[in-house]
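Chemist: Compute the structure for the input listed below.
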Amino acid sequence: MAKRSYTHIVGIGLLILALLLPLGIANAPQVAEASVIAFGVSDTKVISAKALTGYECDDTEWHFVITQVADEASAPASIEVRWADGSVEIVPLWKFTGGTAHYATTLHLNSQVVSATTTIYASWSGQFNLSHGPCFRTATPTATATATNTPTATPTATATATNTPTATPTATNSPTATPTKPVGTNPAPTPTFTPTRTATATRTPTRTPTRTATATATPTATPWCPVTPPDAYEVDNTAAQAKAIGVDGSPQSRNFHLQSDVDWIRFNAVAGNEYVIETFGLFGGVDTVIALYGPDLTLLATNDNAGGKESKIEFTAPATGVYYVKVYTKNVQLLECANGYQVRVTQYAPQGLCACVDWIVFLSTRDGNWELYRVDTTGKNVIRLTNDPGVDMAPARSADGSWIAFQSNRDGVWNIYRVDAFGQGLLQLTANAGNNTDPVWTWDCGSSQIAFQSDRDGNWEIYIMDENGNGQTRLTNHPAADEDPFWSPDGFHVVFQSNRNGNWDLYRVDITGTELVQLTSERSDEVDPVYSPDGRYIAFRSNREGQWNVYVMPAEGGSAVKVSGAGNNLNAVWSPDSRYLAYQSDRNGQTDIYVAEVAAGTEIRVTDHPAADQAPAWDCNSRRVVFQSKRDENWNLYLADIFGKSPLVQLTNHPRIDAYPMWNPGEEDASLAGLGVLLGNR
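Modeler: A predicted model of the protein is given here:
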C-alpha cells in the first residue's frame with residue numbers, strides 16, 4: 001500500500017477540478033445449558049474433586065482437571081472452589097484437550113483448597129482432581145508457639161504413662177517404692193509402701209513434653225503493600241482473561257499489584273512470520289519470566305533471562321491463530337510497593353505471503369472522463385475496470401489481487417465501490433448522505449476489511465468496514481478532521497492524521513476505537529503516514545524544517561529521522577521488503593524520482609529529466625518503480641530500475657492522461673489533494 005499527496009500538475013489539476021466541481025464472551029450458564037440439553041435435566045450428578053493434598057507443586061496457579069469427558073460441549077462450564085480462608089470462587093472452563101477439561105485460577109494462592117464441586121452428566125465416569133497448585137510447607141513457629149516443657153505448679157495424684165511420681169503402688173521401678181525379693185526365687189517384685197518416701201507431686205507436668213507448635217504458629221512472609229493499584233489490563237490472570245496486544249512493537253505498561261498476580265496477553269500470528277516477545281523497563285524488584293503457549297495452549301517456550309532481569313522469546317509461528325503469553329515475576333519476595341514492566345510483541349513478516357501481482361492499476365481520461373484501468377508490467381493487455389460518467393479515483397487493491405476498492409461521485413456524493421480484477425462484479429459499499437473516500441485494505445491475504453474516511457456525521461472521521469460493506473464502524477469521534485487512514489500490517493491498528501490540536505499530527509487507534517495514541521506532537525504539520533510492510537516503522541511527510549521532507553519513526557512513536565534530501569519531497573512509498581522508500585523531489589528545479597535506503601541513510605536518484613516524474617510505486621521485488629511522467633508531452637506511465645541496470649520502459653502511450661499508478665503497495669491516493677481542496681479537508 002502507498003499513501004501519496006497531490007502533485008500540482010497544471011493540466012491534470014485543472015481537469016480534476018473541472019470534473020469535481022459538481023460535486024461478551026459466551027457466559028457460563030449458556031455453556032451449562034447446552035450440556036443439560038445434550039443429556040437431559042435429570043441425567044446429571046454433582047461431583048467433587050479428589051486428591052486435594054497429593055497434587056504437584058506449582059506456586060503460580062491452582063489447576064483442576066476433569067478427565068474422560070465426552071466432548072467440550074459436555075464439560076461443566078465452571079467449577080465451584082471453596083478455600084480455607086472462607087472464599088468461594090466460580091472458576092470457568094479454561095481449555096479442553098484430549099477429553100480433559102481444565103480449570104485454572106491464580107487467585108487465593110496463599111490459601112488452601114477445601115473443596116471443589118460441579119455438575120456433570122450422569123454417565124460420566126472419569127476423575128475430578130486437583131492437578132497442581134501451591135504447596136504449603138511446615139511453618140516455622142513464631143514467638144506465639146507454646147513449647148510445652150513448662151511443668152505446672154499444681155500437684156496431682158493421677159498416674160500417667162510418663163515418669164511421673166505418684167502415690168499409687170505400681171509394678172515398675174518407681175522411685176516412690178522400695179521392693180523386697182525372697183532369696184532363691186524369681187517372683188514378681190512385691191512393692192512395699194514406704195511412708196517416709198512418699199512422693200509429693202510437686203513437679204508433675206500436665207502433658208508430655210513436646211516441640212509441637214500450637215495453632216497460632218504462622219509462617220513468616222514478606223510484607224506486601226496493600227495500596228498497589230492494578231494496571232489498566234486487569235483482570236488478566238488466566239488465558240481465558242488474556243488481553244490483546246498488537247504485533248507492531250507497541251508496548252503495554254503493566255505491574256504486579258499482588259504477590260500472586262500473573263499477567264496473560266494474547267496476539268494474532270500468521271504462519272511463517274517471525275515474532276519477538278520481550279519485557280523491558282523493569283523496576284520495583286520485578287524479574288520477569290515469560291511463557292509462550294500455542295493456540296491450543298500447549299507450552300511452546302519459556303525465558304527467564306534476556307541478559308538481565310528482562311525476558312525475550314523469538315519464534316516463528318507454526319500455524320496461524322491466537323497465541324498466549326504468561327508473564328510473572330521470578331521472586332515475589334523482592335517486589336516493592338511501586339513496581340512495573342513493559343511488554344511488547346513485534347512481528348517480522350516475510351514477503352511473498354500473497355502471490356505477486358503482475359499488473360498495475362492507474363487513472364486515465366482516455367475515454368473522456370476519469371476511469372480506472374489496468375496494464376501488465378510489459379505494457380500490454382490494457383483493461384478498462386470502470387465505466388461511468390462520474391469520476392472514479394483513489395484505487396486500492398486487496399492484498400491477494402482479487403478486488404479493487406475505489407471512490408466515485410457517480411451518484412452525486414463520494415462513495416466507495418468495489419470491482420474485481422477484471423472490472424466485473426461492481427458493488428457499492430457505502431451509501432449515506434455524506435462523503436466516503438480514501439479506501440485502504442488490510443494487508444492479509446484473502447480480502448477482509450477496508451478503512452476509509454467519512455464526513456457522514458458532520459466532520460471527517462475514520463471508519464472501517466467488511467469487504468462487502470457490512471459492519472461499518474466509526475473509530476474516531478472528534479470535532480476536528482481525522483483523515484488519511486492506513487492499516488498496520490497486523491490488522492489491529494489504523495494510523496491517521498488529525499488537526500485536533502490546531503496543526504496536523506499523527507495518531508493511531510485500535511480497531512475497537514477505544515485505544516487512541518498520539519504519535520507526533522510537533523508545531524509543524526505531519527501527514528501521510530504509511531507503515532513499513534514489516535510493521536516496525538511509520539514513514540510520513542513533515543514541514544518541520546520549512547520544506548516538505550520524508551521522515552521515519554518507530555511504529556509506536558518516538559524520535560523521527562529525516563531520510564530525504566533538499567527540496568520538497570512527496571508521495572513516499574515503502575518497498576515490499578521494507579528496505580527502501582521511493583518519493584518525488586523538486587530539489588533541482590525539476591521533479592524526479594529518488595529512493596532512500598533507510599537503514600544506510602543513503603539516497604539514490606532514479607530519474608533525471610527536465611519533464612516532471614512523479615507518484616512512484618514499487619514492483620514486487622523492491623528493485624523497480626513505476627511512475628508517471630510528462631517527458632513525451634503527455635502524461636504516461638514508465639518503469640525504471642532503481643539501480644539503472646536496465647533501460648527505462650514506457651508502459652503506456654496515449655494522447656490523453658494516464659497517471660497515478662498503483663502497484664505495490666496496493667493503494668493510490670495521490671490524486672486526493674485536488675478533491676480535498678473542493679471538500680475543504682485538504
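
Chemist: Could I get the full set of strands for the stretch 301-450 of the chain?
Modeler: Along the stretch 301-450 of the chain, counting by DSSP state E, counting those that start in this stretch, strands occupy 312-316, 321-329, 340-348, 359-364, 371-376, 383-384, 392-397, 403-408, 415-420, 427-428, 436-441, 449-454.

Chemist: make that the stretch 551-682 of the chain, sorry
Modeler: Counting by DSSP E, counting those that start in this stretch, the strands of the stretch 551-682 of the chain are 561-562, 569-574, 580-585, 592-597, 602-605, 613-618, 624-629, 636-641, 649-650, 658-662.

Chemist: In CSV: the ones you listed, plus distance to residue 130, mean pLDDT and mean neighbour count.
Modeler: C-beta here means a position set from N, CA and C on the backbone, and glycine is covered the same way. As requested, the strands of the stretch 551-682 of the chain are exported to CSV (distance: least, C-beta to C-beta, whole Å; pLDDT from 0 to 100; neighbours: other C-beta atoms under 10 Å):
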stretch, distance to residue 130, mean pLDDT, mean neighbour count
strand 561-562, 56, 96, 14
strand 569-574, 53, 95, 27
strand 580-585, 58, 97, 26
strand 592-597, 59, 97, 22
strand 602-605, 63, 96, 14
strand 613-618, 58, 95, 28
strand 624-629, 64, 96, 25
strand 636-641, 68, 97, 22
strand 649-650, 72, 96, 14
strand 658-662, 60, 94, 27
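
Chemist: Save those as JSON lines, and put in distance to residue 329 too.
Modeler: Shown next, in JSON lines, are the strands of the stretch 551-682 of the chain (distance: least, C-beta to C-beta, whole Å):
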{"stretch": "strand 561-562", "distance to residue 329": "36"}
{"stretch": "strand 569-574", "distance to residue 329": "39"}
{"stretch": "strand 580-585", "distance to residue 329": "41"}
{"stretch": "strand 592-597", "distance to residue 329": "42"}
{"stretch": "strand 602-605", "distance to residue 329": "45"}
{"stretch": "strand 613-618", "distance to residue 329": "46"}
{"stretch": "strand 624-629", "distance to residue 329": "50"}
{"stretch": "strand 636-641", "distance to residue 329": "54"}
{"stretch": "strand 649-650", "distance to residue 329": "60"}
{"stretch": "strand 658-662", "distance to residue 329": "50"}
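
Chemist: lowest confidence element among the helices and strands of the chain?
Modeler: Of all helical and strand segments in the chain, the minimum by mean pLDDT, DSSP states H and E falls on helix 28-39, at a mean of 28.

Chemist: which stretches of this protein have low pLDDT?
Modeler: Residue ranges of the chain with pLDDT under 70: 1-42, 136-227, 306-307, 349-355, 446-447, 669-682.

Chemist: How about the residue nearest in space to the middle of it: what's its closest non-neighbour residue?
Modeler: By C-alpha atoms, centre = their mean, the chain has its centre lying nearest to residue 245, at 1.6 Å. Distance criterion C-beta to C-beta, 6 or more residues apart in numbering; nearest residue to residue 245, sequence neighbours excluded, is residue 265 at 4.7 Å.

Chemist: Contacts only, for that neighbour.
Modeler: 233, 236, 242-245, 252, 324-325, 327, 343, 345 (C-beta atoms under 8 Å, 6 or more residues apart in numbering).

Chemist: ok, of the residues you listed, which one's closest to residue 272?
Modeler: residue 345 (16.2 Å; C-beta to C-beta).

Chemist: tally of neighbours for that closest one?
Modeler: 25 (other C-beta atoms under 10 Å).

Chemist: Now do the contacts for it.
Modeler: By C-beta under 8 Å, 6+ apart, the neighbours of residue 345 are 245-247, 249, 265, 267, 275-277, 325.

Chemist: Buried members of these into PyMOL, please.
Modeler: Listed next is the PyMOL selection for buried residues among the contacts of residue 345, using 16 or more other C-beta atoms under 10 Å:
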select buried, resi 245+246+247+249+265+267+275+277+325
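
Chemist: Make a markdown table out of the contacts of residue 345 and add secondary structure and distance to residue 575.
Modeler: Shown next, in a markdown table, are the contacts of residue 345 (DSSP: H, G, I helix; E, B strand; the rest coil; distance: C-beta to C-beta, whole Å):
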| residue | secondary structure | distance to residue 575 |
| --- | --- | --- |
| 245 | coil | 28 |
| 246 | coil | 23 |
| 247 | coil | 21 |
| 249 | coil | 20 |
| 265 | strand | 31 |
| 267 | strand | 26 |
| 275 | strand | 22 |
| 276 | strand | 22 |
| 277 | strand | 27 |
| 325 | strand | 31 |
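
Chemist: thought residue 125 was touching residue 67?
Modeler: No. Using C-beta atoms under 8 Å as the test, residue 125 is too far from residue 67 to be in contact (9.6 Å).

Chemist: thinking again about what came up before, and of the contacts of residue 265, the nearest to residue 281?
Modeler: residue 343 (9.1 Å).

Chemist: The closest one contacts residue 249, correct?
Modeler: No. Between residue 343 and residue 249 there is no contact under C-beta under 8 Å: 10.9 Å.

Chemist: closest one to residue 132 among the strands of the stretch 551-682 of the chain?
Modeler: strand 569-574 (48.2 Å).

Chemist: Mind giving me the packing neighbours of that closest one?
Modeler: strand 526-531, strand 537-542, strand 549-554, strand 580-585, strand 613-618 (3 or more C-beta pairs under 8 Å, 6 or more residues apart in numbering; DSSP states H and E).

Chemist: Would you double-check that residue 491 falls in a strand?
Modeler: No. Assigned with DSSP: H, G, I helix; E, B strand; the rest coil, residue 491 falls outside any strand and is coil.

Chemist: picking up where we left off before, what sits against the residue nearest to the centre of the chain?
Modeler: 252, 265-267, 343-345.

Chemist: Report the two members of those separated by the largest distance.
Modeler: Farthest pair in the contacts of residue 245, by C-beta to C-beta: 266 and 344, 13.8 Å.

Chemist: partner strands of the next helix or strand after the least confident helix or strand of the chain, parallel or antiparallel?
Modeler: Heading C-terminal from helix 28-39, the first helix or strand you meet, by DSSP states H and E, is strand 44-48. When sheet partners are counted by DSSP bridges, strand 44-48 sits next to strand 113-121 (antiparallel).

Chemist: Alpha carbons of the following helix or strand past the strand it pairs with, in PDB - could you do that?
Modeler: Later in the chain than strand 113-121, the nearest helix or strand by DSSP H and E is strand 128-133. Provided in PDB are the C-alpha atoms of strand 128-133 (Å, rounded to 0.1, in the frame of the first residue of the first chain):
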ATOM      1  CA  PHE A 128     -12.000 -34.900  39.000                       C
ATOM      2  CA  ASN A 129      -8.700 -33.900  40.600                       C
ATOM      3  CA  LEU A 130      -6.600 -31.000  41.700                       C
ATOM      4  CA  SER A 131      -3.700 -31.300  39.300                       C
ATOM      5  CA  HIS A 132      -1.300 -28.800  40.700                       C
ATOM      6  CA  GLY A 133      -1.100 -25.700  42.900                       C
END
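
Chemist: just checking, what packs against strand 128-133?
Modeler: strand 56-57, strand 62-66, strand 113-121.

Chemist: Can you say which of the ones you listed is packed in most?
Modeler: Neighbour counts (mean count of other C-beta atoms under 10 Å) averaged over each of those peak at strand 62-66, with a mean of 23.

Chemist: what's the helix or strand just after that one packed up against?
Modeler: Downstream of strand 62-66, the first helix or strand assigned by DSSP H and E is strand 78-83. Secondary-structure packing of strand 78-83 (3+ C-beta pairs under 8 Å, 6+ apart): strand 62-66, strand 88-97, strand 100-105, strand 113-121.
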